[in-house]
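# This is the structure alone, sequence omitted:
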């Protein structure tokens, strides 16, 4: 090869390299790292409230479009020694400010949350303050997954050798308020194989099984900074849904005796140890609704939809969330089912392309029979 042809080849290869790997200065790298909204403090005012909850407010089986039959009435029919479909519960609710006098207006896109607490949203690099008030008759807390916190914001008591002042967060008495402080470092956001956002959960942790069965659980959504809109939502998603699959064991709630007194026709006839009575209080719910009574899962064909799915409970809470008529991407794989263990969290991305009203349910046979079913709707753009 001649010197001239070698020089031409070298120049050509250099040009290809410049096109494939454009030069960037340190300033360019800094500018890229600063993309997205600047870090900020996000403050939420959340209370634990006592709420009379109806697991089936439609009064019918919304899947069948018909009155409840004998199978459904095991769980939803009240009677002399049966509570039925209504229960007193403790639920997290968001307020407008620290006076805790006015509930914050719920955005219609979150009407499907049901018993699930308000979304705590943040972007990597943010800090989050949650001012928590306990409006219930029992001690409650907030314990978060995923975020970074000091001992004074853990919301869980155990003998960890810390001072008494660092345990004020572990047992918020009825009527009291406590401020929790959290940081959102890189490890609280999406990992290398995640999408633009991830979900964590928060819940009360004084007596976790009792508190969660009473209803105290909510979601945290953290978005990668360079993929976040100013409000913290991921730029590559048009719609988000949060689903909780849980067999809510009302036998374990603080309010069992209150519910017997309020909703049983003859409270004195109730035997709390009767297996049939206990079975009737196992509410196989999605977001606190049974038998297709969950509403608000509406989307448009072609939208980019992200489903944040989680489960809690005991060994019976092995759930397989299944969408009819569509498929989702989970862990970079195509499927239409997400498997959940108690405490499990998963993200499923969907681009709905099949218009209509579709079934979404847990695929465990016993859970289908007991009402862990809902509907979602895909409309034309």
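Received, thanks. None of these values were measured; they are calculated from a predicted model. Residues are numbered from 1 along each chain as shown.

# Can you list the low-confidence ranges for this protein?
1-34 (pLDDT under 70).

# can you rerun that using 50?
The chain contains residues with pLDDT under 50 at 1-33.

# quick one, helices of it?
Counting by DSSP state H, the chain has helices at residues 3-20, 26-33, 70-76, 208-214, 256-263, 275-280, 365-369.

# Report the distance from the shortest one to the chain centre.
Going back to what we said before, that points to helix 365-369. 22 Å (Cα atoms, centre = their mean, to the nearest Å).

# Identify all contacting residues around it.
Applying Cβ atoms under 8 Å, 6 or more residues apart in numbering, the external contacts of helix 365-369 come out as 71, 247, 284, 316, 319, 361-362. Quick note: C-beta positions are derived from backbone N, CA and C, even for glycine.

# For the residues you listed, pick the one with the most neighbours.
Neighbour counts for these (other Cβ atoms under 10 Å) peak at residue 319, which has 31 neighbours.

# List the contacts of that residue.
Residue 319 makes contacts with 245, 311, 339-340, 362, 364, 367, 372, as judged by Cβ under 8 Å, 6+ apart.

# Dump the residues you listed into CSV; add distance to residue 148 as well.
Compiled in CSV, the contacts of residue 319 are given as follows (distance: Cβ to Cβ, whole Å):
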residue, distance to residue 148
245, 28
311, 24
339, 28
340, 25
362, 33
364, 35
367, 35
372, 34
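
# ok, of these, which one's closest to residue 86?
Using Cβ to Cβ, residue 372 is the member of those that lies nearest residue 86, at 18.6 Å.

# Identify the residues contacting the closest one.
By Cβ under 8 Å, 6+ apart, residue 372 lies in contact with 245, 247, 284-286, 290, 319, 361-362, 364.

# make it 6 Å
284, 286, 362 (Cβ atoms under 6 Å, 6 or more residues apart in numbering).

# Closest to residue 63 out of those residues?
In terms of Cβ to Cβ, no member of these lies closer to residue 63 than residue 286, at 11.6 Å.

# Which parts of the stretch 201-350 of the chain are strands?
Using DSSP state E, counting those that start in this stretch, the strands of the stretch 201-350 of the chain run over 217-223, 239-249, 282-286, 298-300, 305-311, 319-323, 328-330, 333-335, 337-340, 345-350.

# so what strands line up beside the second one?
Think strand 239-249. strand 282-286 (antiparallel), strand 305-311 (parallel) (DSSP bridges).

# now these as JSON lines including distance to residue 61?
Conversion of these to JSON lines gives the following (distance: least, Cβ to Cβ, whole Å):
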{"stretch": "strand 282-286", "distance to residue 61": "13"}
{"stretch": "strand 305-311", "distance to residue 61": "23"}
